[in-house]
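Participant: Next one to model:
(one chain, ligands or ions: 1)
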Amino acid sequence: MTQITSASIPEVPQRRVPGGIDAHGLSRSFGDVKAVREMALSVPPGKVTALVGPNGSGKTTLMLILATLLRPDTGFVTVDGIDAMRDPQGARRRIGWMPDTLGVWESLTCLEILGTMGRLYGMSGAEADARAAEQLEWVQLTEFAKRPARVLSRGQQQRLSLARATVHRPSVLLLDEPANGLDPGSRLRLRDDVRQMAADGVAVLVSSHVLSELEEMSDRAVVVRDGTTVSASELDDAADRELRYRIAGPENAQGAALTRALEERGIPYTHGRGRQRAGVVVAVSGRQAAAQLLAELVGAGVPIAHFAEEGSRLEDAYLAAERPAAQGSSGAGTAAGPAANAAPQEGETA
Ligand SMILES: Nc1ncnc2c1ncn2[C@@H]1O[C@H](COP(=O)(O)OP(=O)(O)OP(=O)(O)O)[C@@H](O)[C@H]1O
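Facilitator: Numbering: from 1, shown residues only. The predicted structure is shown next:
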């Protein structure tokens, strides 16, 4: 894999002095394939930023560039203000990198792997060994301390990978599909660990295809498509943004009483599709408005068996990115359009 060197690389133009990651103008081609095109991205400290996009949109290529493991054709990356092109070693000391597969020395024990990593990051032998034991305890792998990594299950490998990525207490953490192969309990732990690291000030960038997982772990979302950043948005509490709610009667059908009540109130709705998607979908301006609508319907004697938020802001942003630009934001057949479409190009904000 190409290593970044400082030779003949121009200095980062003065833009802002960020903690975390600031990248702009990133491009990388593989032959004719433009995997990343003029991409801009910021990953602020103290927050978890979700990186989402369709297959082949350039997420892993971007992650590898940010981790200083792949050299971009153009562009700049700073890590805690350090120019990663000119000083990749300095940047790497601040970065924790968890790839989607562990890729370790399989015959070494878990303790040896983490101890070796600690030494590579400049710790003394005693310090590295103590840190290795501490990390194994953190990821609940102490019982495997003296066993070779090849005996670990996929989920255990992921936990060892997280321990390895954070052995040197990085201030930036890059996680590529971290929940792959984790059982539900381990996923919840991972979410809590990632949130705790962000609370401690770490800048976290995490990519995953499991949007529900990302939604509960992330503060922000960056959506990429065709190698470019198409939107960046805060996943703030949905207090007063437009939301979609699915409403169904006791038979899980749309129900004449329900549709009549909505029509009388001038509330547009669309029909659900399929057995699991029965009922109607309406757009409301925030949870307060949703609560009022529910109270009103029940007050009017409409039988309601299901009333729940539909999709999520992250899902909306992702689906909007999957659609070709020409289709725009038609709302995907629901009463409300995606809420995140108007988000600015990442890098123009901050
Ligand atoms: N080493 C490589 N050689 C040739 N093409 C590559 C290489 N790495 C990536 N690509 C191409 O670059 C594009 C972006 O790939 P990348 O792996 O970054 O996407 P991704 O968003 O991570 O995809 P996925 O979600 O499927 O993992 C794809 O078209 C891919 O085929």
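
Participant: my read: D183 touches G155, true?
Facilitator: Yes - counting by Cβ atoms under 8 Å, D183 does reach G155; the two are 5.8 Å apart. No exception for glycine: its C-beta is placed from N, CA and C like everyone else's.

Participant: more crowded one of the two?
Facilitator: Set D183 next to G155 and count neighbours by other Cβ atoms under 10 Å: G155 wins out with 17 against 12.

Participant: Let me know the secondary structure of that one.
Facilitator: Under DSSP: H, G, I helix; E, B strand; the rest coil, the three-state class of G155 is helix.

Participant: for stretch 98-115, what is the average pLDDT?
Facilitator: Computed over stretch 98-115, the mean pLDDT rounds to 84.

Participant: Just the CA coordinates for it, please, in CSV.
Facilitator: Coordinates of the C-alpha atoms in stretch 98-115 are reproduced here as CSV (Å, rounded to 0.1, in the frame of the first residue of the first chain):
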residue,chain,number,x,y,z
MET,A,98,-10.2,0.1,13.2
PRO,A,99,-10.4,-1.6,9.8
ASP,A,100,-13.3,-3.7,8.8
THR,A,101,-11.2,-6.9,9.3
LEU,A,102,-8.7,-7.4,12.1
GLY,A,103,-5.7,-8.5,10.1
VAL,A,104,-3.3,-9.3,13.0
TRP,A,105,-0.4,-11.6,13.5
GLU,A,106,-2.5,-14.7,14.1
SER,A,107,0.1,-16.7,16.1
LEU,A,108,0.6,-14.0,18.6
THR,A,109,-1.5,-14.0,21.8
CYS,A,110,-3.9,-11.1,22.4
LEU,A,111,-1.7,-9.8,25.1
GLU,A,112,1.4,-9.9,22.8
ILE,A,113,-0.5,-8.1,20.0
LEU,A,114,-1.6,-5.2,22.2
GLY,A,115,1.8,-5.1,23.9
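
Participant: Measure how far that stretch is from the centre of its chain, please.
Facilitator: Between the mean C-alpha location of stretch 98-115 and the chain-wide mean there is a distance of 24 Å, by Cα atoms, centre = their mean, to the nearest Å.

Participant: List the contacts of it.
Facilitator: With contact meaning Cβ atoms under 8 Å, 6 or more residues apart in numbering, stretch 98-115 is reached by 60, 116, 125, 128-129, 131-133, 135-136, 141, 144-150, 152, 157-158, 160-165, 167, 173-178, 180.

Participant: Go again with 7 Å.
Facilitator: 128-129, 132-133, 135-136, 141, 144-150, 157, 160-165, 167, 174-178, 180 (Cβ atoms under 7 Å, 6 or more residues apart in numbering).
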